[in-house]
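Q: coords below, sequence missing:
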């Protein structure tokens, strides 16, 4: 009789330990999600708008000359 109670108690403790592990991991995942949601990237680094001439100012010499040739040939 004592062995049966001992086995039941061990099973109960094992199940309780397993359930505790799942609860701890679920809580950690939930906390990670809430931390990600509260972090706003625009607050950390403000949004910079690109100037209108950004593309043309970054072109190389040959590309600029090619665009000039295309404009004159039309």
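A: Noted; the coordinates are in hand. Keep in mind it's a predicted model, so treat the numbers as computed, not measured. Numbering: from 1, shown residues only.
Q: tell me the helix or strand right after the worst-scoring helix or strand of the chain on mean pLDDT.
A: In the chain, the helix or strand scored least confidently by mean pLDDT, DSSP states H and E is helix 41-44, which has a mean of 60. Using DSSP states H and E, the helix or strand that follows helix 41-44 in sequence is helix 54-57.
Q: which residues touch that following helix?
A: With contact meaning C-beta atoms under 8 Å, 6 or more residues apart in numbering, helix 54-57 is reached by 51, 64. (C-beta placed from N, C-alpha, C; glycine too.)
Q: what's the first helix or strand after that helix?
A: Moving toward the C-terminus from helix 54-57, the next helix or strand (DSSP H and E) is helix 61-73.
Q: show residues contacting that following helix.
A: Residues external to helix 61-73 that are found in contact with it (C-beta under 8 Å, 6+ apart): 56, 59.
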